[in-house]
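> Have a look; sequence and predicted model below, questions after that.
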Amino acid sequence: MRFQANDGCIHYRMRRIMRTIISAFLMLFCIDTYGQTVMSTLEGKKVLLVYGGWEGHQPKIKSEVISQWLIKQKAEVIVSNSTEIYADSDIMDRIDLIIQIITMSDIREKEIKGLLDTIKSGTGFAGCHGGIGDSFRNNTQYQYMVGGQFVSHPGGQLHYKVHVIDGHHPITKDIEDFSVHTEQYYMHVDPNNTVLATTVFQSEAHQWIQGAVMPVVWIKHFGKGRVFYSSLGHALKDMTHPESWTILINGIQWAAQSKFVEHHNLLNPIYEY
Ligand SMILES: [Zn+2]
């Protein structure tokens with residue numbers, strides 16, 4: 001009996017050692033460029049990354065950083081610098097996730113139709129700051145899909161806090177409240193979004209909004225498609241700020257599952273009926 005117990009103990013130790021080695025191996029291959037540990041859920045996923053629009057938001061370099069990260073996660077990445085690709089149904093039908101980095105700019109009717117139909121059918125859509133939160137300003141159907149639109153960043157570059165209001169969701173899990181020095185987006189938002197993080201305005205420039213609470217990170221559905229948005233990421237350094245980057249890549253991974261998971265209701269009305 002004692003021999004069997006010892007034998008079991010040896011096996012138990014061996015299993016622990018093996019588990020430690022496997023964990024170390026996984027950690028090694030899952031640490032991204034900015035030191036955040038993530039488990040890859042993007043392997044084999046087809047991701048379309050479209051960039052363009054206002055150069056002040058550094059769309060090209062941001063798209064390069066994101067596409068390099070996606071390739072490390074073994075995603076199949078298509079990069080385009082034109083919204084014309086949204087009208088190409090052969091490509092759009094195959095895509096699991098669209099990431100967009102286009103501030104302002106315009107979009108043609110057949111392109112916006114291609115984009116919205118693809119998301120409605122189940123493809124995920126993800127992005128940050130003006131890249132999806134201030135695109136195609138005159139297109140209300142686009143804003144209906146995103147769930148918000150940038151309208152101002154009072155005071156320009158500011159020091160402010162981001163408050164995580166859901167520390168259990170996979171996108172904001174284990175992220176504490178944090179501070180940033182960047183633009184603080186004031187947005188017109190869909191009051192039915194599921195909000196994961198907020199910020200409070202302490203604006204001296206616009207005193208009437210002192211104390212205003214504004215969503216920073218939200219998720220929603222558009223048809224069968226998952227939509228993820230974070231307002232953080234003005235310049236490249238703001239996008240790759242540790243917590244902002246973690247939220248962004250978690251959001252990308254969450255939205256990339258859109259076609260592969262059962263959907264739960266994400267309507268989260270803030271007003272009582
Ligand atoms: Zn900006």
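Right, received. Where do you want to start? Numbering: from 1, shown residues only.
> all helices for the stretch 101-250 of the chain, in order.
109-120, 129-133, 140-146, 236-239, 242-256 (DSSP state H, counting those that start in this stretch).
> Make JSON lines out of those and add mean neighbour count and mean pLDDT.
Where you see a C-beta, it was placed from the backbone N, CA and C, and this is true even at glycine. Shown next, in JSON lines, are the helices of the stretch 101-250 of the chain (neighbours: other CB atoms under 10 Å; pLDDT from 0 to 100):
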{"stretch": "helix 109-120", "mean neighbour count": "18", "mean pLDDT": "98"}
{"stretch": "helix 129-133", "mean neighbour count": "26", "mean pLDDT": "98"}
{"stretch": "helix 140-146", "mean neighbour count": "17", "mean pLDDT": "98"}
{"stretch": "helix 236-239", "mean neighbour count": "18", "mean pLDDT": "98"}
{"stretch": "helix 242-256", "mean neighbour count": "23", "mean pLDDT": "98"}
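> mind putting the ones you listed in TSV, distance to the ion included?
Formatted as TSV, the helices of the stretch 101-250 of the chain follow (distance: least, CB to the ion, whole Å):
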stretch	distance to the ion
helix 109-120	22
helix 129-133	5
helix 140-146	16
helix 236-239	8
helix 242-256	13
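> Quick check: which of those is nearest to W69?
Distance to W69, taken as CB to CB, is lowest for helix 242-256 among the helices of the stretch 101-250 of the chain, at 6.7 Å.
> The helices of the stretch 101-250 of the chain: which one's closest to V164?
Closest to V164 of those, according to CB to CB: helix 242-256, at 8.7 Å.
> how does this protein divide up, domain by domain?
1-30, 39-260 (automatic domain parsing).
> just to revisit the earlier point, out of the helices of the stretch 101-250 of the chain, which gets nearest to L70?
Proximity to L70 (CB to CB) singles out helix 242-256 among those, at 7.8 Å.
> quick one: the closest one to helix 109-120, angle?
Angle, helix 242-256 to helix 109-120, by axes from the mean of the first three to the mean of the last three CA atoms, to 10 degrees: 90 degrees.
> and the residue in the chain that the ion sits nearest to, how far is that from F201?
Relative to the ion, the nearest point of the chain is H234 (3.6 Å; CB to the ion). Look at H234 and F201: by CB to CB, to the nearest Å, they are 16 Å apart.
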